[in-house]
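Asker: Got a predicted structure here, sequence first:
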Amino acid sequence: DAGVTQSPTHLIKTRGQQVTLRCSPKSGHDTVSWYQQALGQGPQFIFQYYEEEERQRGNFPDRFSGHQFPNYSSELNVNALLLGDSALYLCASSIRPADTQYFGPGTRLTVL
Amino acid sequence: KQEVTQIPAALSVPEGENLVLNCSFTDSAIYNLQWFRQDPGKGLTSLLLIQSSQREQTSGRLNASLDKSSGRSTLYIAASQPGDSATYLCAVPRGSQGNLIFGKGTKLSVKP
């Protein structure tokens, strides 16, 4: 049984570019949450998707957007990248929105 | 507003020592509390989850306790090993919602 998978593993972009990160949830899970973890900090909640809709959102600007597909996989899109967007982006899945979350290995984004 | 704090930020101990990591939270109305391990540049591995009705959970050499009234949790690691070196994070759910609020973590180094 595959756990949560994320792609790509690493990504390097320049300021102003756009990026898309991908997440496949654990088998049987229908809810996907995204977190941003800056170096030396704890993860910060970005948003959560359930039934192909954004259900909850943290304190992140509209440059951060997402999508959930009918197979429950999800994308995180970040537009107009800033140096401060450099971080580890973590995806977590759960059976339901309020259930225990299982985390993927993360995508390391570096913005130059 | 729920805030999670972890003390100390870093800890270095010789192999074989028993140690305690601390986590405090400002709002005692939590549903559960979770301890995670994170190796450098990697995702999160769930270690223990304590429900609000429980006082402690044990897994191998790990024991986590929860005191809701005082807003504290501790993670006890017995007979520490170099392989225990990692960052340990605690997190609580935001209200009844699934998204998690994390502390900044304690970076543990166990010296051979």
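Answerer: Perfect, I can see it now.

Asker: got the contact list for the residue in chain B that chain A sits nearest to?
Answerer: Per C-beta to the nearest C-beta, residue B:102 is where chain B lies closest to chain A, at 3.2 Å. All C-beta atoms are positioned from the backbone trio N, CA, C, and that covers glycine. Residues near residue B:102 by C-beta atoms under 8 Å, 6 or more residues apart in numbering or on different chains: A:42-44, B:4, B:89-91.

Asker: let's see it at 7 Å
Answerer: A:42-43, B:4, B:89, B:91 (C-beta atoms under 7 Å, 6 or more residues apart in numbering or on different chains).

Asker: What does it show for phi and psi?
Answerer: phi -110, psi 150 (degrees, to the nearest 10).

Asker: same thing with residue B:83?
Answerer: Backbone torsions for residue B:83, taken as degrees, to the nearest 10, come to phi -70, psi -10.

Asker: Could you do residue A:84 as well?
Answerer: Dihedral angles for residue A:84 - degrees, to the nearest 10 - are phi -70, psi -10.

Asker: Just give me the neighbour total for it.
Answerer: Look at residue A:84: counted by other C-beta atoms under 10 Å in any protein chain shown, it has 8 neighbours.

Asker: Could you report the distance from it to residue A:14?
Answerer: As defined by C-beta to C-beta, to the nearest Å, residue A:84 lies at a distance of 14 Å from residue A:14.

Asker: Ok, residue A:94 next?
Answerer: 34 Å.

Asker: between these two, who's got more neighbours?
Answerer: Using other C-beta under 10 Å as the criterion, residue A:94 and residue A:14 rank with residue A:94 on top: 21 against 10.

Asker: Nearest spatial neighbour of residue B:63, chain-adjacent residues omitted?
Answerer: residue B:76 (4.4 Å; C-beta to C-beta, 6 or more residues apart in numbering or on different chains).

Asker: Up against chain A, what does chain B have?
Answerer: Within chain B, the positions lying close to chain A (C-beta under 7 Å from any C-beta of the partner chain) are B:41-44, B:49, B:89, B:96-100, B:102-105.
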